[in-house]
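> Turn this into a model:
(2 chains)
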Amino acid sequence: MFNLSIIKQFSRLSVTCTASIKQIYSRNIFTSSALQFKITEPLCAEPMKKKKKIDPAIIKAREERRRKKIEKQIRRLQKNARQLKPIEEMEVPLHLFDEMSKRKRAPVKLSPEVVEARALLQKDWAKYKQQEYMSHVAQIDRIMAAQRRALDKLYEESEELYDEAIMPDLSLIPYTIDGPVVTPPIKDYLSPDGEYIDVTKKWDN
Amino acid sequence: MFLKPILLKELRQCQRILRRGVSTTSSWDIVTGICVERLPVVTPPLNEMQKKYKDMLYAIELENSLKSDHEIRHDYEKKQAELLKNESADVDLDTVSKITAQDFEDAATEELAQFKFADIVTEADKAGNKASIERCLQRHLVLVTTLKLGQDTKTILPQGKWQEGETLRQAAERVLLQHCGSDLKVQFLSNAPCGFYKYKYPSEIDGKVGAKVFFYYANYKSGNVNKNVKANWLTRNELTEILPDKYKKSVGEFLIEETY
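Predicted coordinates for the structure are as follows:
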């Protein structure tokens, strides 16, 4: 049965169904129905590939390996979670502790007058700052009152304008301002180039 | 206790509505005035108290500090130099550096002396040019212009009439643009007016008795005022000299005092 079906595959080439190729060459032609050309049977699909069988033990081992790898990564991350990135400028370098005795200045003996003067100055300064603060508060009050008055007067004139005026000005956010400086800027001044060395340390694990 | 502020607020609202109801047709012109202020560029000088306190803080800071690398090097070199003078045997000549800490210090001081800082007293200060923005760097400056009001011209903050269909803030921006040109860039600090001033016309104009001026506050950013306009940047003292009496009071109400 199997043989027959294989031969059918080559039936296009064969002249007879059962005759061998040798027979064709010998011009052994029959007039029977077997001589007619036949259409091969259509094959609509590729023959199935044989499924590779993997040992279940190997699969298990592979899975295990993957899980272990992830677990290891998690463990490493957890270990580092407690460890914070050091802030170098917050820590006193150790060599400074070693040189402490060398770096100490000669202790200054302050005369009682100086101590007294300093204490007095501290008190005066507190008073001065308090006065300054009070004057600031008064100024803010004054300015706010002026604005309140202006808004009240505006309300008397027109309610629409008042409503527009009390809307917040969103264009002000974000607001930046360059404060006053100690020396005035020099016009067209090109500051000399310094050397730029990036010493930033990378702390990723 | 806590009702009081709420009641006060309500009362004020009622008052406002009442007043509005009484005056149905406005017989006043609405005018916006713009107070353009240049903030100080340079910090004002310290007063007596501040100077004293600063000196004290510096002294305490120095007393409590440790020696720097530079000072240690300086001390070390001094010791070495003395040893060298006494021709002590145990001085290693290699360790005595060619450029000492003192040399470095001298070079640095010399470099600083050669550097020329910009002068706080600018050319405009020397020439007494009040129209320039580059004057009195340590003070607040307010822009005033000459305006023609009716028959007489006055030197006041730039102002102009509000037109139908725009908000007061838009009116202020438009007036400033028309008056000072597009080169002058300012930053308005609020949608709300910061001050109010009211004056009467000598005679009624188009059925209007007078003008209510709403001041807007703006900070100077960049640019110059149009050259055709006679504009001055004035300090607080100069403002009090030049502005009319009542007007001066209204303007002064919303300006920050200068302490020096």
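
> Give the residue spans of the stretch 1-150 of chain B that score low on pLDDT.
Within the stretch 1-150 of chain B, the stretches with pLDDT under 70 are B:1-3, B:5, B:14-25, B:88-97.

> can you check chain A too?
Residue ranges of chain A with pLDDT under 70: A:1-36, A:203-205.

> care to break it down by domain?
Chain A resolves into domains spanning A:2-35, A:111-166 when parsed by automatic domain parsing.

> Next one, pLDDT for the nearest residue to B:Leu189 once chain neighbours are set aside please.
Closest residue to B:Leu189 in three dimensions, ignoring its sequence neighbours and counting by Cβ to Cβ, 6 or more residues apart in numbering or on different chains: B:Tyr217, at 5.3 Å. For every residue, glycine as well, the C-beta is placed using N, CA and C. pLDDT for B:Tyr217: 94.

> Give the helix, strand or coil label for B:Tyr217.
strand (DSSP: H, G, I helix; E, B strand; the rest coil).

> Quick check: it touching B:Glu253?
No: using Cβ atoms under 8 Å, B:Tyr217 is not in contact with B:Glu253, being 11.5 Å away.

> Of these two, give the one with the bigger neighbour count.
More neighbours surround B:Tyr217 than the other of B:Tyr217 and B:Glu253, with 22 against 19 (other Cβ atoms under 10 Å in any protein chain shown).

> B:Gly195 versus that one, what's the distance?
Taking Cβ to Cβ, to the nearest Å as the measure, B:Tyr217 falls 8 Å from B:Gly195.

> Now for the two: what residues contact both?
B:Cys35, B:Phe254 (Cβ atoms under 8 Å, 6 or more residues apart in numbering or on different chains).

> remind me, longest helix of chain A?
Longest among the helix segments of chain A by residue count, using DSSP state H, is helix A:112-157.

> Which elements pack onto that helix?
Contact here means 3 or more Cβ pairs under 8 Å, 6 or more residues apart in numbering or on different chains; DSSP states H and E; on that basis helix A:112-157 packs against helix A:159-165, helix B:3-22, helix B:48-64, strand B:195-205, strand B:208-222.

> rerun that using 6 Å as the cut-off
Judged by 3 or more Cβ pairs under 6 Å, 6 or more residues apart in numbering or on different chains; DSSP states H and E, helix A:112-157 is in contact with helix A:159-165, helix B:3-22, helix B:48-64, strand B:195-205.

> Go ahead and produce PDB holding the CA coordinates of the shortest one.
This points to helix A:159-165. Extracted as PDB, the C-alpha positions of helix A:159-165 are listed here (Å, rounded to 0.1, in the frame of the first residue of the first chain):
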ATOM      1  CA  GLU A 159     -17.500  94.800  38.100                       C
ATOM      2  CA  GLU A 160     -16.200  93.200  35.000                       C
ATOM      3  CA  LEU A 161     -12.900  95.000  35.200                       C
ATOM      4  CA  TYR A 162     -12.700  94.000  38.900                       C
ATOM      5  CA  ASP A 163     -13.300  90.300  38.000                       C
ATOM      6  CA  GLU A 164     -10.600  90.500  35.400                       C
ATOM      7  CA  ALA A 165      -8.200  92.200  37.800                       C
END
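
> so what does that helix touch, helix or strand wise?
So helix A:159-165, by 3+ Cβ pairs under 6 Å, 6+ apart, packs with helix A:112-157.

> Next, the angle strand B:208-222 makes with the helix it packs on.
Between helix A:112-157 and strand B:208-222, the angle comes out at 130 degrees (axes from the mean of the first three to the mean of the last three Cα atoms, to 10 degrees).
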